[in-house]
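A.B. asks: got a sequence here, can you build the structure:
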Amino acid sequence: MRFISRFLFTALLLNAGFSQLSAQVDLSVSALPDSLKKNAYTVMRFDNETIDINSLKSGIRKDSYAVTVLDEKGESHARFQFTGDVFNVLKSFSAKLYDAQGKILKKYGKSDLQTSEYSSDLATDNKMYMFECSAPSVPFTIQYDYEVSMNNGILNFGYFFPMEGFFNSVQRYDYQLRFPETIVPRIKLFNQMQEPVVSTAKGITTYSWKVENQKAFESELLTPPLTDFEPYVIIVPNEFSYDGVPGHLSSWSDLGKWSLNLTVGRDLIPEALKAKLLDLTKNAKTDREKVQILYNYLGETTRYVSIQLGIGGYQPMAASEVYRMGFGDCKALTNYLKAMLAVIGIHSEYCTIRFDESEKDLLHDFPNFNQMNHAILMVPFPNEKLWLECTNTKVPFGFVHNGISGHDVLVCKAEGGEIQRLPDYADSLNLEQHVAYVNLLVDGSASVKMQKDCRVKIYDKFRWFPLAKASDQADNLREDIHLPNVDLGSFRVSEHLTALPSIVVDYTWNTTLYGSKTGNRLFLPVNIFRTGYDQLRKPNRIQDVCVKMGYRDADSIFIQIPETFEVEALPPISMVISRFGKFTANVTLKGNQLQIVQVADVFTGTYKASEFQEFMAFLNKITAAYKGKIILRKKAV
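C.D. replies: This is a model prediction of the structure:
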């Protein structure tokens, strides 16, 4: 599926070039080599893409490509979607649908595109074009030919990424970038991507790349992002002019200065608001407390709305407008809080960053716009730096949420941008904990009073819970309990909005089958909250293993057994220490109470595919302990 937008292809421009070549391709499925069908939901039969840069402000992009869909799971790749705006205009479009034998079933034109100016953005000049391919059966092939004109600014000369994703192979991909000799592009090659073939004629330089017979990559659980190993290239201009605002991409310092210059003059605060801010903070004992007061005020008086008009994709609304309207996007709200803090004499820094859990590192030697899609604020104090998410002040004050924690950030200063690193959290702080008190009856039924505690990064993934409907909350709690016939009782949710936040749920439930009864014995599961890691088992691991977020699972289960029963068998004490993590498990009997304590730590890390079996050996020991059984026997009379 092709998505062309300002953020991914901010000024990809093309020209004509390969229509005769594409017409000669045999698009029947039988013409595909078996090697390209293996692990493939789709195959890119050909992609002929040409980008003609006319100047720093304009150019043309033309693309002709055909995708064969081999499996229903790949049908999304047959969809066409283009988001245009004043910088990107779809000039032409056509499509051809082929059957499995490569015979044309139907042709389409621009009039068959669905168009929409609807957007989640309040203010936008975007226009979306969509084509949903409807084939009578799988396999089929769809060919698209389209042209885009780019005007008034080019921030990116190209992004040659041959693979459409996992389970997609490429038969052939030809890519050309043409530009006047007076323009100096900068290229960045990734993962053994070959250097371009370079030619020059009549004052025009051409960079060419070609990829053939690229086999599909299989996505496995805990697979690293495709960009970690798939060859690709990014091409950017050394200098640019966007919506009449010139800049340079020769350094992150230059890019940071350009971004900050877009905020100049947009920090004016009305007198009425100045008085309000001074009054709000007059009794605060510290500057940190003042910042928190205004952070909370921001959340109480504004809401997030995206603004994407012209250069507004990068330039914030004026602070006075945010005050008047009561809304703004990430840039506007960040700039607004920065301006409010200045009123009370607190310095802060406007920052740009990538909001994406899987993409943390900026290319320190290759400044570019591709890696930036968000703005936050940094307040430097002598003993700490506060990183503030102005878009959503529901994020607890002082907490760096999952979308940006541990990321590189560009701190935009008047003297130039500076890359800094946001703090991250120790794996052991990312806790999911269950504490359960079980009253077991002789028939194997039980009533349970318990508490679930989610902290730090686990909290962030669970942050939806307090705002959810009671029925959805109840369903989620039931899913935690791997027993049949669970009847949930009352529950209470507490959210602790500290710098190390948590959500605590206290609740009760009962079941008719906590233990299974056979004759005069009861068989009890050791841990009703964990099932282990069987889903990761695979005989031949292909990709490396990537644990993006380490965590701790800690469970304490206290089972009051009937007085007429005694323990016949308990699982052994378990302890595993590994470079992948550690695990301890202990089951003891004190009086008539079974005490089960299991703690699993899985560390953040990336491991070679050759280390997978060692990694699984560690997880298998945890799984075995989770699946352990306790046997109770009825006492002799």
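A.B. asks: where in the stretch 201-350 of the chain is pLDDT low?
C.D. replies: Across the stretch 201-350 of the chain, the ranges flagged by pLDDT under 70 are 307-312.
A.B. asks: now the helices for it?
C.D. replies: For the stretch 201-350 of the chain, applying DSSP state H, counting those that start in this stretch gives helices covering 252-261, 271-281, 287-301, 319-325, 330-343.
A.B. asks: residues making contact with the fourth one?
C.D. replies: Same thing as helix 319-325. Contact partners of helix 319-325, identified using C-beta atoms under 8 Å, 6 or more residues apart in numbering, comprise 266-270, 273, 302, 317, 328, 332-333, 335-336, 339-340. In this view, the C-beta of every residue, glycine as well, is placed from N, C-alpha and C.
A.B. asks: go again with 6 Å.
C.D. replies: D267, L268, I269, P270, L273, G328, A332, Y336, A339 (C-beta atoms under 6 Å, 6 or more residues apart in numbering).
A.B. asks: could you dump the residues you listed to CSV with distance to L294 and neighbour count?
C.D. replies: As requested, the contacts of helix 319-325 are exported to CSV (distance: C-beta to C-beta, whole Å; neighbours: other C-beta atoms under 10 Å):
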residue, distance to L294, neighbour count
D267, 14, 18
L268, 17, 11
I269, 12, 18
P270, 15, 12
L273, 11, 19
G328, 15, 28
A332, 16, 29
Y336, 10, 29
A339, 10, 23
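A.B. asks: of the residues you listed, closest to C390?
C.D. replies: Y336 (7.4 Å; C-beta to C-beta).
A.B. asks: which residues are in contact with that closest one?
C.D. replies: A319, V322.
A.B. asks: low-confidence ranges in the stretch 451-600 of the chain?
C.D. replies: Scanning the stretch 451-600 of the chain residue by residue, none of them satisfies pLDDT under 70.
A.B. asks: in it, which spans are strands?
C.D. replies: 486-496, 502-511, 516-518, 521-525, 545-547, 551-560, 565-569, 574-578, 581-590, 593-602 (DSSP state E, counting those that start in this stretch).
A.B. asks: let me know which of those strands is the nearest to K634.
C.D. replies: Using C-beta to C-beta, the strands of the stretch 451-600 of the chain put strand 565-569 closest to K634, at 5.7 Å.
A.B. asks: would S428 count as being in a helix?
C.D. replies: Yes - judged by DSSP: H, G, I helix; E, B strand; the rest coil, S428 forms part of a helix.
A.B. asks: let me know how buried the residue lying closest to it once chain neighbours are set aside is, in neighbour terms.
C.D. replies: Nearest residue to S428, sequence neighbours excluded (C-beta to C-beta, 6 or more residues apart in numbering): R552, at 5.0 Å. Residues near R552, counting by other C-beta atoms under 10 Å, number 21.
A.B. asks: bridged to R552, which residues?
C.D. replies: Applying DSSP bridges to R552 gives these bridge partners: L431, D601.
A.B. asks: which parts of stretch 137-148 count as buried, going by neighbours?
C.D. replies: Going by neighbour count (16 or more other C-beta atoms under 10 Å), the buried part of stretch 137-148 is V138, P139, F140, T141, I142, Q143, Y144, D145, Y146, E147, V148.
A.B. asks: make that stretch 214-222, sorry
C.D. replies: Q214, A216, F217, E220, L222.
A.B. asks: make JSON lines out of the residues you listed and add distance to G398.
C.D. replies: Converted to JSON lines, the buried residues of stretch 214-222 look like this (distance: C-beta to C-beta, whole Å):
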{"residue": "Q214", "distance to G398": "46"}
{"residue": "A216", "distance to G398": "44"}
{"residue": "F217", "distance to G398": "40"}
{"residue": "E220", "distance to G398": "37"}
{"residue": "L222", "distance to G398": "31"}
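A.B. asks: just to revisit the earlier point, using CSV, lay out the strands of the stretch 451-600 of the chain together with distance to A468.
C.D. replies: Output for these, formatted as CSV (distance: least, C-beta to C-beta, whole Å):
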stretch, distance to A468
strand 486-496, 9
strand 502-511, 11
strand 516-518, 33
strand 521-525, 28
strand 545-547, 28
strand 551-560, 22
strand 565-569, 39
strand 574-578, 35
strand 581-590, 31
strand 593-602, 27
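A.B. asks: among the ones you listed, which is nearest T206?
C.D. replies: strand 545-547 (37.2 Å).
A.B. asks: what does that closest one rub up against?
C.D. replies: L222, P224, T604, G605, T606, Y607, F612, F615.
A.B. asks: what is the most widely separated pair among those?
C.D. replies: Largest pairwise distance in the contacts of strand 545-547, by C-beta to C-beta, is 16.8 Å, between T604 and F612.
A.B. asks: these two: who's more crowded?
C.D. replies: Comparing T604 with F612 by neighbour count (other C-beta under 10 Å), the higher total belongs to F612, at 21 against 17.
A.B. asks: quick check: next helix or strand after whichever helix or strand the more buried one is part of?
C.D. replies: Counting by DSSP states H and E, the element that carries F612 is helix 612-626. Scanning forward in sequence from helix 612-626 by DSSP H and E, the next helix or strand is strand 629-634.
A.B. asks: avg pLDDT for that next one?
C.D. replies: In this model, strand 629-634 has a mean pLDDT of 96.
A.B. asks: now do that strand and strand 581-590, the angle between them.
C.D. replies: Following axes from the mean of the first three to the mean of the last three C-alpha atoms, to 10 degrees, one obtains 10 degrees for the angle between strand 629-634 and strand 581-590.
A.B. asks: so for strand 629-634, what gets flagged as buried?
C.D. replies: I630, L632, K634.
A.B. asks: same question for stretch 599-619.
C.D. replies: 599-602, 604-605, 607, 611-612, 615-616, 618-619.
A.B. asks: same thing with stretch 430-437?
C.D. replies: N430, L431, E432, Q433, H434, V435, A436, Y437.
A.B. asks: per-domain residue ranges of the chain.
C.D. replies: Per automatic domain parsing, the structural domains of the chain span 2-245, 271-421, 427-634.
A.B. asks: now for these, which one comes closest to L255?
C.D. replies: So among these, domain 271-421 is nearest, using C-beta to C-beta, at 4.8 Å.
A.B. asks: can you count the residues close to the residue nearest to N191 when sequence neighbours are not counted?
C.D. replies: Ranked by C-beta to C-beta, 6+ apart and with sequence neighbours excluded, the top spatial neighbour of N191 is P231, at 4.7 Å. Neighbourhood size, P231 [other C-beta under 10 Å]: 17.
A.B. asks: equivalent analysis for the one 10 residues further on, please.
C.D. replies: A count of neighbours around S241, defined by other C-beta under 10 Å, yields 16.
A.B. asks: measure it to G403 for me?
C.D. replies: 31 Å (C-beta to C-beta, to the nearest Å).
A.B. asks: ok, the nearest residue to V184 once chain neighbours are set aside - contacts?
C.D. replies: Once flanking residues are discounted, V184 sits nearest to N238: 4.6 Å by C-beta to C-beta, 6+ apart. Residues near N238 by C-beta under 6 Å, 6+ apart: V184, R186, S250.
A.B. asks: looking at the residues you listed, which is nearest M450?
C.D. replies: Distances from M450 to the contacts of N238, taken as C-beta to C-beta, are shortest for R186 (57.3 Å).
A.B. asks: what's across from that closest one in the sheet?
C.D. replies: Residues in beta-bridge contact with R186 (DSSP bridges): V236.
A.B. asks: pretty sure it sits against V236.
C.D. replies: Yes - judged on C-beta atoms under 6 Å, R186 makes contact with V236 at a distance of 5.4 Å.
A.B. asks: now the strands: where do they sit in the stretch 301-450 of the chain?
C.D. replies: 303-304, 307-308, 327-328, 349-353, 374-380, 385-388, 408-412, 418-421, 431-440, 446-455.
A.B. asks: so for G203, what's the nearest residue that isn't a sequence neighbour?
C.D. replies: E181 (5.3 Å).
A.B. asks: how many residues are close by that neighbour?
C.D. replies: For E181, the count of nearby residues is 10 (other C-beta under 10 Å).
A.B. asks: what's it sitting at in phi/psi?
C.D. replies: Torsion angles at E181 (phi, psi; degrees, to the nearest 10) stand at phi -60, psi -20.
A.B. asks: next: D26.
C.D. replies: phi -80, psi 110.
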